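K.L.:
3D model of this:
(one chain, ligands or ions: 3)
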Amino acid sequence: METLVVDHPLVAHKLTTLRDVRTDSPTFRRLTDELVTLLAYEATRDVRVTEVTIKTPLVETTGTQLRRPTPLVVPILRAGLGMLDGMTRLLPTAEVGFLGMARDEETLQPATYADRLPQDLSGRQCYVLDPMLATGGTLAAALKLLVERGADHITAICLLVAPEGLVAVEQKLTENLPENHGATLRVVTAAVDERLNENGFILPGLGDAGDRLYGCA
Ligand SMILES: O=P(O)(O)OC[C@H]1O[C@H](OP(=O)(O)OP(=O)(O)O)[C@H](O)[C@@H]1O
Ligand SMILES: O=c1cc[nH]c(=O)[nH]1
Ligand SMILES: [Mg+2]
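P.N.:
Ligands and ions are numbered 1, 2, ... in the order given. As a prediction, this is how the structure comes out:
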């Protein structure tokens, strides 16, 4: 699984304010939105396109259009919802499917409580939105589900990832998907942080992304 860290001073600046414990929910939401648009610009470099012929007011010429079916954007509720507008601003024609997943605070295991995704994703390009990749349990489960439905190119956009989580996602997918699944899997992030703490939180991190976005635990 390829990991791309978007190395850009504007990303670093916005991320620093996002991490700051003094940043309130409205500012956190706005910065998340802005960061996603910057990350999405890099994450969509390999979005599938097709060549088209159009007429300018002067001549006929060839250009580029998003290929159909357009990508499926998949925010993982709740915190991933804070990333949706920033993503669809860049990809307004994308379809959106929702996955509700919550991590048990004791076991750190993810449970899926909502699945509003197409059953058949054969040959589909997907962009998963989740601000945090911590132990990796949530992303591994989401990627498994999408690959099993046929998605063949999946990019997860995460604000922050933990190194242990990246390793765990690779390992879980190796264990739980057939070797020949053939899907391309990528993670695009603003930073790979230092480590997880004993409660499965990313350090230095930014705390609980869902709580900081929406203000209640
Ligand atoms: O890599 P993991 O250890 O699985 O943790 C990451 C998950 O934890 C957070 O969601 P949470 O379970 O807090 O749900 P929420 O978005 O409703 O707050 C986050 O948005 C990820 O989905
Ligand atoms: O640091 C973390 C880990 C999991 N979920 C969060 O929201 N933050
Ligand atoms: Mg949470």
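K.L.:
Secondary structure class of the residue of the chain most remote from its centre, three-state.
P.N.:
What lies farthest from the middle of the chain is residue 58; by Cα atoms, centre = their mean that is 40.9 Å. Secondary structure, DSSP: H, G, I helix; E, B strand; the rest coil: residue 58 is coil.
K.L.:
Pass me the low-pLDDT residue ranges in the chain, would you?
P.N.:
Scanning the chain for pLDDT under 70 picks out nothing.
K.L.:
With the flanking residues excluded, which residue is spatially nearest to residue 55?
P.N.:
Spatial nearest neighbour of residue 55, excluding adjacent residues (Cβ to Cβ, 6 or more residues apart in numbering): residue 61 at 7.6 Å. C-beta here means a position set from N, CA and C on the backbone, and glycine is covered the same way.
K.L.:
Quick check: that neighbour touching residue 54?
P.N.:
Yes: Residue 61 is within contact range of residue 54, at 6.4 Å (criterion: Cβ atoms under 8 Å).
K.L.:
for this structure, longest helix please?
P.N.:
helix 25-43 (DSSP state H).
K.L.:
name the element residue 75 belongs to?
P.N.:
strand 72-77 (DSSP states H and E).
K.L.:
Return the residues in contact with the residue of the chain found nearest ligand 1.
P.N.:
Per Cβ to the nearest ligand atom, residue 210 is where the chain lies closest to ligand 1, at 2.4 Å. Shown in contact with residue 210 (Cβ atoms under 8 Å, 6 or more residues apart in numbering): 78-79.
K.L.:
Residue 172 reaches residue 139, doesn't it?
P.N.:
No: in terms of Cβ under 8 Å, residue 172 does not count as a neighbour of residue 139; the distance is 9.0 Å.
K.L.:
quick revisit: I'd like the distance from the very next helix or strand once past the strand holding residue 75 to the chain centre, please.
P.N.:
Next helix or strand after strand 72-77 toward the C-terminus (DSSP H and E): helix 84-90. Computed by Cα atoms, centre = their mean, to the nearest Å, the chain-centroid distance of helix 84-90 equals 12 Å.
K.L.:
Does helix 84-90 reach ligand 1?
P.N.:
No: Helix 84-90 lies out of reach of ligand 1 by Cβ under 6 Å from any ligand atom, never closer than 12.7 Å.
K.L.:
Pull out the buried residues from that helix.
P.N.:
Under the neighbour-count criterion of 16 or more other Cβ atoms under 10 Å, helix 84-90 has 84, 86-88, 90 buried.
K.L.:
same for it, what does it pack against?
P.N.:
helix 25-43, strand 72-77, strand 125-129 (3 or more Cβ pairs under 8 Å, 6 or more residues apart in numbering; DSSP states H and E).
K.L.:
Deepest-packed of the ones you listed, please.
P.N.:
strand 125-129 (a mean of 26; mean count of other Cβ atoms under 10 Å).
K.L.:
packing partners for the helix or strand encompassing residue 114?
P.N.:
Assigned by DSSP H and E, residue 114 belongs to strand 110-116. Applying 3+ Cβ pairs under 8 Å, 6+ apart, one finds that strand 110-116 contacts strand 98-103, helix 137-148.
K.L.:
near ligand 3, anything from stretch 75-89?
P.N.:
No: against ligand 3, stretch 75-89 shows no contacts by Cβ under 5 Å from the ion, the least distance being 5.8 Å.
K.L.:
Up against ligand 1, what does the protein have?
P.N.:
76, 78-79, 101-103, 108, 110, 130-139, 165, 200, 208-210.
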